[in-house]
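Colleague: show me the folded form of this:
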Amino acid sequence: MDTQFWLILLSAILPAVVLVAYVLIKDRKRPEPFKLIAKGFGYGCVSVGVAILLVMGTHLLGFNIDEHSFWGAIADAFFNAAFPEEAAKMLMLWLLVRKNPFFNEHLDGIVYAACIGMGFAATENIMYLFSNFETWQSVAIGRAFFSIPGHFCFAVMMGYFFAIAFFNPKKQWYFILAYLVPVVMHGVYDACLEVNTIAVNTSAIIIFLVCFIFAIKQSRKAIKKHQTTDDSVLATPVEDDPVSSVSIDSEARALYDELKANENEYSVKNRAEGMQIFELSWNRYWKPFYLVDNNSHCAYQWLDENECLLTVTENDIDWDSLEGLPQNVIDRAHRLSFHFPGFIHSYQDGRAKVDWQINPDGRYYMDSDGYGMTDDEEINLHGYIDRQGKVVEKFTYRDN
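Modeller: Residues are numbered from 1 along each chain as shown. Now for the predicted structure:
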């Protein structure tokens, strides 16, 4: 292969690699594993083929567009480019993060989406440059300053909304925005270019430049916003005693390393914002024994071997709300017993709701043959804990 081949290849890939490096610098505080970065880039390359298959599928169904007319050019920009290409990239993003334990921060969504977007852009760039072999230099310059950054902006916005939806159960509809916002940006970008190829259109050029500058600014804001969100979640109060604080932090990190090394021995539940619950099967039920913070690389024991809460004290219970409950129930609360099934909900803004069942309903005592039920009433306390398991809102009983 001659030198020109390698120059074309380098010119096609380098702009995408530079933008991946840019987003990795933004994520330098808590970086993602290199193998996942490379995997994301590879998924982006594959997404080109997926997008081509989607377009071919629409053509086979008889959906053809006359791209040589004004409205046809706009339709072509959306239906033959924006919709299938962003769908392919979002599919790859979902495949990359769905079982990824390192996807534990909002900024990670942008990082992974950018890697996929740049893998797509680099592959598309290779195809364009080699198909314009005689004028590859001018094509490479134009795409390096517009097309590649354009795909980067689309990817950033996809990752931005995807992460919000992923980590916030109340904002699942943001998954729709994660697809539609890049589609609109991409469609407008391509439409301006395609309209301009039919006839030089000053309005299209102006709209293109305004939208392009706006997309870059919004992408920078999105990255900054997720950086701020992740840093605020990671921040933890400083203890009064600095020596004790260092000791606790050291123990928490050692426990984290131990749990992660033996992760297969536990049932691991993701609880958003980088938090996981490591459960053990104990007395017939899966119990949340450990809180694992993947952002700070610390872990905290939640239950002891007697199924008693370790990070909760009697002062963390609203005893007035328990007034009138059976004495055996109050005794269990005093013992901090978590013997019956309980649940730790997903974290939001550094807090998680906890359902603490201190008395089950009669079915709990039922024999295997179906007999033995009692007339017990299920009684639950509800409170909120922080990332270390400390109570930030007292456990309270509310009569349903």
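Colleague: specify the beta-bridge partners of the residue nearest to Leu336 when sequence neighbours are not counted.
Modeller: In space, and not counting its chain neighbours, Leu336 is closest to Leu309: 4.3 Å by Cβ to Cβ, 6 or more residues apart in numbering. Yep, even glycine has a C-beta here, placed from its N, CA and C like the rest. With DSSP bridges applied, Leu309 shows beta-bridge pairing to Leu303.
Colleague: so what's the residue count around Leu309?
Modeller: If you count neighbours by other Cβ atoms under 10 Å, Leu309 ends up with 21.
Colleague: how much space separates it from Arg351?
Modeller: Counting by Cβ to Cβ, to the nearest Å, the separation of Leu309 from Arg351 is 17 Å.
Colleague: repeat that for Ala215.
Modeller: For Ala215 relative to Arg351 (Cβ to Cβ), the value is 34 Å.
Colleague: residues contacting the residue nearest in space to the middle of the chain?
Modeller: When Cα atoms, centre = their mean is applied to the chain, the residue found nearest the centroid is Ala163 (3.8 Å). If a contact means Cβ atoms under 8 Å, 6 or more residues apart in numbering, then Ala163 has 105-110, 226 as its contacts.
Colleague: give me the subset of the residues you listed lying in strands.
Modeller: Judged by DSSP state E, strands contain none of those.
Colleague: scan these and report the most crowded one.
Modeller: Ile110 (29 neighbours).
Colleague: just the pLDDT for the closest residue to it other than its chain neighbours.
Modeller: Distance criterion Cβ to Cβ, 6+ apart; nearest residue to Ile110, sequence neighbours excluded, is Gly159 at 3.7 Å. You'll see Gly159 listed with a pLDDT of 93.
Colleague: list the contacts of Gly159.
Modeller: 93, 109-114, 178.
Colleague: got the domain ranges for this protein?
Modeller: 3-234, 242-397 (automatic domain parsing).
Colleague: how about the secondary structure of the nearest residue to Thr58 once chain neighbours are set aside?
Modeller: Closest residue to Thr58 apart from its sequence neighbours, by Cβ to Cβ, 6+ apart: Phe79 at 7.0 Å. Three-state call for Phe79 (DSSP: H, G, I helix; E, B strand; the rest coil): helix.
Colleague: quick check: Phe79 vs Leu93, distance?
Modeller: With Cβ to Cβ as the criterion, Phe79 and Leu93 are 21 Å apart.
Colleague: neighbour count for these two, which is higher?
Modeller: Remark: of Phe79 and Leu93, Leu93 carries more neighbours, 27 against 15, as counted by other Cβ under 10 Å.
Colleague: backbone dihedrals for that one, both of them.
Modeller: phi -60, psi -40 (degrees, to the nearest 10).
Colleague: that one: what's it in contact with?
Modeller: So Leu93 contacts 43, 112-113, 116, 158-159, 162 (Cβ under 8 Å, 6+ apart).
Colleague: need the contact partners of stretch 167-178.
Modeller: By Cβ under 8 Å, 6+ apart, stretch 167-178 touches 90, 106, 157-162, 164-165, 272-273, 346, 348.
Colleague: measure Gly383 to Lys394 for me?
Modeller: 6 Å.
Colleague: check contacts around Phe212.
Modeller: Here Phe212 is in contact with 146, 149-150, 189 (Cβ under 8 Å, 6+ apart).
Colleague: equivalent analysis for Ile216, please.
Modeller: By Cβ under 8 Å, 6+ apart, the contact list for Ile216 reads 149, 153.
Colleague: any idea of the mean pLDDT in the helix or strand hosting it?
Modeller: According to DSSP states H and E, Ile216 maps onto helix 202-234. Computed over helix 202-234, the mean pLDDT rounds to 73.
Colleague: so what's the nearest residue to Pro288 once chain neighbours are set aside scoring on pLDDT?
Modeller: Closest residue to Pro288 apart from its sequence neighbours, by Cβ to Cβ, 6+ apart: Ile277 at 4.6 Å. With respect to pLDDT, Ile277 scores 94.
Colleague: did I read that right, Ile277 in a strand?
Modeller: Yes. Under the criterion used here (three-state DSSP), Ile277 sits inside a strand.
Colleague: switch to numbering from 18
Modeller: All right, first residue 18 from here; so that's Ile294.
Colleague: can you list the low-confidence ranges for the chain?
Modeller: For the chain, applying pLDDT under 70 flags the ranges 18, 79-80, 83-85, 212-222, 224-225, 246-266, 378-393, 417.
Colleague: show me where this structure has strands.
Modeller: Using DSSP E, strands in the chain cover 284-287, 292-299, 302-310, 315-318, 360-365, 368-376, 396-402, 408-414.
Colleague: pull up the pairing partners for the first one, direction included.
Modeller: Strand 284-287 pairs in its sheet with strand 292-299 (antiparallel), by DSSP bridges.
Colleague: compute the inter-axis angle for the strand it pairs with and strand 302-310.
Modeller: 150 degrees (axes from the mean of the first three to the mean of the last three Cα atoms, to 10 degrees).
Colleague: which of the contacts of Ala180 fall in helices?
Modeller: 123-127, 243 (DSSP state H).
Colleague: quick check: the farthest pair among the residues you listed?
Modeller: The two members of the ones in helices among the contacts of Ala180 with the most space between them (Cβ to Cβ) are Asp125 and His243, at 8.6 Å.
Colleague: what's near enough to touch Tyr273?
Modeller: Applying Cβ under 8 Å, 6+ apart, the residues contacting Tyr273 are 309-310, 314-316.
Colleague: ditto for Trp303
Modeller: 284, 296-297.
Colleague: what does Gln344 give?
Modeller: With Cβ under 8 Å, 6+ apart, Gln344 has no contacts at all.
Colleague: ok, now the one 5 residues further on?
Modeller: Contacts of Arg349 were listed using Cβ under 8 Å, 6+ apart, and they are 356, 375-376.
Colleague: distance check, it against Gly136.
Modeller: 55 Å.
Colleague: could you do Ile193 as well?
Modeller: 24 Å.
Colleague: who's more crowded, these two?
Modeller: Between Ile193 and Gly136, counted using other Cβ under 10 Å, Gly136 has the larger neighbour count: 28 against 11.
Colleague: the closest residue to that one other than its chain neighbours: neighbouring residues, count only.
Modeller: Closest residue in space to Gly136, ignoring its immediate chain neighbours: Gly61 at 2.1 Å, by Cβ to Cβ, 6+ apart. Around Gly61 sit 31 other residues, with neighbours defined as other Cβ under 10 Å.
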